[in-house]
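Asker: Curious how this folds, go ahead:
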Amino acid sequence: MDETVALYDTDGKPCGSAPRSLVRRDNLHHAATAVVVLDAEGRVYVHRRTPTKDVFPGMYDVCAGGVLLDGEDPYDGAVREVAEELGVSGVPLTPIFTGAYEDTHTSYEAFGYLVEGWTGEIRWQPEEVDWGAWIPLEDVVARLDDPMWPLVPDSRALVGPWLRARAQSSSVR
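Answerer: Numbering: from 1, shown residues only. Reported below is the predicted structural model:
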């Protein structure tokens, strides 16, 4: 199925739609969500993307997420994506950042959210995730500095600063 994806302008506003295949082929500016999931101990759920993903296959990620569909609100898209990819549902999401990301593979407006204190089961969507584990926040932040750690570059750029700030505020307490 070729989903219809919401296109966004450079001001971060919806401005149309296009089939996902066209968005990927032409690297059209769109919108996507990123949901960081922390457990009750403050560990980050880190997963590896399947080798069949259309963008950044086989790389690690520190958040669940995906493109916004035509007419979809960012919060609703984030709720949908974290439920689909990791089976995390029935909890509120807290907005943590917005920003833009662009490279030769993708260009989008990012809407970041947090699930904090998750105690439920993680259930991977097999088409999206092929490994995952809870990793202490400090270890994730240390890995952000390792250029050899194959973390998706958009999460490193967009979510990395939030994770660093969270780790710093946690260590101050």
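
Asker: Please make it C-alpha for all contacts and neighbour counts, starting now.
Answerer: OK.

Asker: How confident is the prediction for the closest residue to R43 other than its chain neighbours, by pLDDT?
Answerer: Excluding its sequence neighbours, the residue lying closest to R43 (Cα to Cα, 6 or more residues apart in numbering) is P136, at 4.4 Å. For P136, the model assigns a pLDDT of 98.

Asker: same check, this time on G58
Answerer: Model confidence at G58, given as pLDDT, is 96.

Asker: Would you verify that it is located in a helix?
Answerer: No: under the criterion used here (DSSP: H, G, I helix; E, B strand; the rest coil), G58 is coil, not part of a helix.

Asker: Can you show me the strands along the protein?
Answerer: Under the criterion DSSP state E, the chain contains strands at 4-8, 14-19, 30-39, 44-49, 60-61, 94-102, 107-118, 129-135.

Asker: Low-confidence stretches in the protein?
Answerer: Scanning the chain for pLDDT under 70 picks out 1, 171-173.

Asker: Swap in 80 and give it another go.
Answerer: Across the chain, the ranges flagged by pLDDT under 80 are 1, 170-173.

Asker: Kind regards, and thank you for your time.
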